[in-house]
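Undergrad: okay, here's the prediction I keep looking at, along with the sequence it came from:
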Amino acid sequence: MDIRFCIQDPTYAGTTYLYEAILAAAAQAVAWRGLYAFASRDGVDHLIEDEIVRDLMKRDGKIDLVVGIDAVTNRPTLERMQELEQRYVNFRPKVFWNENRGLFHPKISDFGLLGGGRTLIVGSGNLTPGGLKDSFEAYTIITADQADEIDVSALEEFLERHADEIRNIDNEALERAARNLVRSIGRRQGGRRTRRPQAPTRPVLPLARATTGFDRILLAQVPKGKNRWAQAHFNIFAIQEYFRLSLSRLDTERVYLTNVLPDSTRREVEVRRYVYAKANKNYKIEIGAAKRRPYPDDGCPLLVFRERQLRTYDYMLLMPGEDGYGLLIDLSNRLPSPGRGNRRSITDMATLAGAWRDCPLLHTPDADEQKI
């Protein structure tokens, strides 16, 4: 039996997110049962739509997911779960209809493995962006083979005792979840919750951190890539040193990208894996902002990433002629570009501000998303 205790620390480059731990277990599983107090639309959607989880269902692996609706889990979350249930016959979501005064509050994933083994992940993280990667959380992974079985009789007895409270997502559940409010948690300064201003006229920049910390900037000139340039190529320097991805965890590590528009509007989070291209010995990460856009004839597109936390980035895609493009292409061409292929340079916030002080990435507020 293997028992591993983990702290999810989004400030530490060596952390493993709960999201990634669940994917690693799902990759070896034939079934998955989960009980979670709270869920959000993004949390459920990203996990169930991940290719590892889809592969589990393609192998006829059943996913039985029970979520609480006492708080946080709202109607759009349940509606998305209904949509996924229609799409994937092996995804079977339920709600816990709680009439007790206490909260339904477990956070458990129970995976049946090939050969009769089991992996149990128990901790503090919910199926929300905060629980899966953005917040400080703790969890334990217990893995046993068939000869050293984990005793989950307490879980089995609980499910049996409360079979009547574990219900399909129906109109009554949707109406109850519609009363739940998702609480936004901003950054704290001096013990008080604050939000950064929306695009001030004259930017007030935070102190740039060292390039070995967070808030680093990557400037990446994007090659054409045989008309599939949305699958942007990066060399091993960018993959390891900037995106902090491990070559030994190719299948389960993810990067979390948020496209920022010129008016500082944030789009939905893109959860991406990286793929190794043997033909040119580069690594590819899909960029949502580049999809279905023609490659320009008058220069190469420029990707600008701002690091927010471990493997989590805001980014902009700049095309020739757009505001800031000329300034940042000039900066990219002046900076050192380690590794092979198109120019890719790591710099800091102060250098970016010096080149283009109105860059929206410098003024984008933190995302107001559920942190529970």
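TA: Sure thing, it's come through.

Undergrad: can you find the helix or strand of this structure with the lowest average pLDDT?
TA: Across the helices and strands of the chain, the lowest-confidence element by mean pLDDT, DSSP states H and E is strand 192-194, at a mean of 41.

Undergrad: following that strand, which helix or strand shows up next?
TA: Moving toward the C-terminus from strand 192-194, the first helix or strand encountered (DSSP states H and E) is strand 217-221.

Undergrad: give the buried residues for that next one.
TA: 217-221 (16 or more other Cβ atoms under 10 Å). Backbone N, C-alpha and C define where each C-beta goes, glycine included.

Undergrad: what's the answer for stretch 282-299, then?
TA: Residues 282-290, 295 are the ones in stretch 282-299 that count as buried (16+ other Cβ under 10 Å).

Undergrad: and the residues you listed, which of them are in strands?
TA: For the buried residues of stretch 282-299, the ones inside strands are 282-286, with DSSP state E as the criterion.

Undergrad: quick check, residue 52 in contact with residue 250.
TA: No. In this structure, residue 52 sits apart from residue 250 without contact. The criterion is Cβ atoms under 8 Å, and the distance is 11.6 Å.

Undergrad: of those two, who's got more company?
TA: residue 52 (19 against 14; other Cβ atoms under 10 Å).

Undergrad: distance check, that one against residue 142.
TA: The gap separating residue 52 from residue 142 is 20 Å, by Cβ to Cβ, to the nearest Å.

Undergrad: list the buried ones in stretch 24-40?
TA: Neighbour-count burial for stretch 24-40 flags 24-26, 28-40 (criterion: 16+ other Cβ under 10 Å).

Undergrad: what's the answer for stretch 6-23, then?
TA: Neighbour-count burial for stretch 6-23 flags 6, 8-10, 15-23 (criterion: 16+ other Cβ under 10 Å).

Undergrad: send me it as PDB with only the CA atoms.
TA: Listed next in PDB are the C-alpha coordinates belonging to stretch 6-23 (Å, rounded to 0.1, in the frame of the first residue of the first chain):
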ATOM      1  CA  CYS A   6       0.100  16.300  -0.400                       C
ATOM      2  CA  ILE A   7      -0.200  20.000   0.100                       C
ATOM      3  CA  GLN A   8      -1.600  21.900  -2.900                       C
ATOM      4  CA  ASP A   9       0.500  25.100  -2.800                       C
ATOM      5  CA  PRO A  10      -0.100  27.400  -5.800                       C
ATOM      6  CA  THR A  11       3.000  29.400  -4.900                       C
ATOM      7  CA  TYR A  12       5.400  26.400  -5.000                       C
ATOM      8  CA  ALA A  13       6.800  25.200  -8.300                       C
ATOM      9  CA  GLY A  14       7.000  21.600  -7.100                       C
ATOM     10  CA  THR A  15       3.300  21.200  -6.200                       C
ATOM     11  CA  THR A  16       0.900  18.800  -7.700                       C
ATOM     12  CA  TYR A  17      -2.600  20.200  -8.100                       C
ATOM     13  CA  LEU A  18      -5.500  18.100  -7.000                       C
ATOM     14  CA  TYR A  19      -6.800  18.300 -10.600                       C
ATOM     15  CA  GLU A  20      -3.600  16.600 -11.800                       C
ATOM     16  CA  ALA A  21      -3.800  14.000  -9.000                       C
ATOM     17  CA  ILE A  22      -7.300  13.100 -10.000                       C
ATOM     18  CA  LEU A  23      -6.200  12.800 -13.700                       C
END
